[in-house]
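**Q** fold the stuff below for me.
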Amino acid sequence: MERKMQNNRGQRGGKHVIKLSQGKHDGREVIFVRTPVDAAIIEVLKQKYRARWNPVEKLWYIQVKTFVLKQFFQDLRALAYIDYTRIKSIVPLVKGEKKSKAKGTVPSALQEKELSSGVEQELSQFRQWLAHKRYSASTIKNYLAVLRNFLLYISPKRSVDITNDNVVSYVHDVIVANGLSFTYQNQTINAVKLFFREIVKGRLSVKTIGRPRKEHRLPNVLSKEEVRNILDALVNQKHRTILSLIYACGLRRSEALALQPQHIDSKRNLLLIRNAKGRKDRFVPLSAKTLEMLRDYYRRYRPKVWLFEGQVPGSKYSETSLAKILQNACKKAGVSKPVTLHWLRHSYATHLLEAGTDLRYIQELLGHKSSKTTEIYTHVTEHGIQKIKSPFDDL
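**A** Coordinates of the predicted model:
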């Protein structure tokens, strides 16, 4: 059941207001966050800051040692005004850069600039448009973040005066120069196109904005033995069940965390994936082994709302915690590869293909819109590649 919170009705410029204060909870120094009910804000607090709910005070709290005010601003200022007057003399604005420039970060000089009230209003309108079009909370957050960085680079130039040359300069001076990823660049272009097509409608020609050349990376795949070793390294039943299910059904991380007990159809041995990527539903088969594993798990944990819940009953399991579970399991299993949760999904598809499953069925199981997306797994299957004889052998 969704946690009820005190709704701070105060708004500034049509945006919500988040009020921060500092205190102690269970003897630990924490930052208290009083926020109105807003799904996008709550998702950031829970997933990125591992915020916990205080039902007595009716507010969220974050441990001080994990709180960076500057980062908090970057993550949430597109969603709300942040009132930090009660903590700015206690909590430093910056505790140091989290990532090195070699890994790719937006220059801190951009974050020190401010946008005009007019541009802020346009961003607010863009957020409302994205919400109206039912974009996911994470997509809204990401689009607003990359768009804000672009507008900060252009500032103090007005949005209506921005041209295609400004976009090219930003890609060259910021994205390429700082080693930001292909994904970041493509996401920026997507956000800019939507923003100027739907909100600004100025001098910029949306149709002629060029996208980066497509990457053609092969998916990372684990062997069956590596998957078995990783799962065997998990002692906690909940941890083992959720990672096993991700591999057994080829789930995305978000799909696994969004599962509810009623999505398990034990009579037909099917698992319903609701509202997945592209707002699509799909069924995936549940083997007798997987179904028995889920029954054992349910008997022990008795989840109330979500199939996999966090420390607070009725709350979703944390994405960050799930990633750490996998990292720890890999260490115990002696798997030194930089494994992510999506590797389990890739491995599921590849192992199905190696077992002779038709590519069309795999496309349906993974929820791919295009068969071309699924065809990438044909390039990493062992059976076909390993049978090829090198001409070197005949020399």
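**Q** rest of the way, CA atoms for contacts and neighbours
**A** Noted.
**Q** roughly how far is stretch 292-308 from the heart of the chain?
**A** Stretch 292-308 sits 24 Å away from the centroid of its parent chain (C-alpha atoms, centre = their mean, to the nearest Å).
**Q** and it, end to end?
**A** 16 Å (C-alpha to C-alpha, to the nearest Å).
**Q** pull the residues that contact that stretch.
**A** 1, 237-238, 241-242, 257-261, 309, 313-317 (C-alpha atoms under 8 Å, 6 or more residues apart in numbering).
**Q** could you measure from the residue nearest the centre of the chain over to residue 170?
**A** What sits nearest the mean C-alpha location of the chain, by C-alpha atoms, centre = their mean, is residue 138, with 6.2 Å. Distance check for residue 138 against residue 170: by C-alpha to C-alpha, it reads 24 Å.
**Q** quick one: the strands in the chain?
**A** Assigned by DSSP state E, the chain shows strands spanning 11-12, 15-25, 28-34, 52-54, 59-63, 80-83, 264-265, 270-276, 280-285.
**Q** and the fifth one with strand 28-34, angle?
**A** Okay, so that is strand 59-63. 140 degrees (axes from the mean of the first three to the mean of the last three C-alpha atoms, to 10 degrees).
**Q** what does the longest one give?
**A** Inter-element angle recorded for strand 15-25 and strand 28-34: 160 degrees (by the same axes, to 10 degrees).
**Q** partners of strand 15-25 in the sheet?
**A** With DSSP bridges as the test, strand 15-25 is paired with strand 11-12 (antiparallel), strand 28-34 (antiparallel), strand 80-83 (parallel).
**Q** which of the contacts of stretch 292-308 count as buried?
**A** 238, 241-242, 257-261, 309, 314-317 (16 or more other C-alpha atoms under 10 Å).
**Q** now tabulate those residues in CSV and tack on distance to residue 130.
**A** Formatted as CSV, the buried ones among the contacts of stretch 292-308 follow (distance: C-alpha to C-alpha, whole Å):
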residue, distance to residue 130
238, 35
241, 35
242, 31
257, 23
258, 21
259, 25
260, 26
261, 30
309, 28
314, 28
315, 25
316, 24
317, 26
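**Q** as JSON lines, those residues with pLDDT would be great.
**A** Output for these, formatted as JSON lines (pLDDT from 0 to 100):
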{"residue": "238", "pLDDT": "94"}
{"residue": "241", "pLDDT": "95"}
{"residue": "242", "pLDDT": "95"}
{"residue": "257", "pLDDT": "92"}
{"residue": "258", "pLDDT": "91"}
{"residue": "259", "pLDDT": "93"}
{"residue": "260", "pLDDT": "93"}
{"residue": "261", "pLDDT": "94"}
{"residue": "309", "pLDDT": "90"}
{"residue": "314", "pLDDT": "85"}
{"residue": "315", "pLDDT": "86"}
{"residue": "316", "pLDDT": "87"}
{"residue": "317", "pLDDT": "89"}
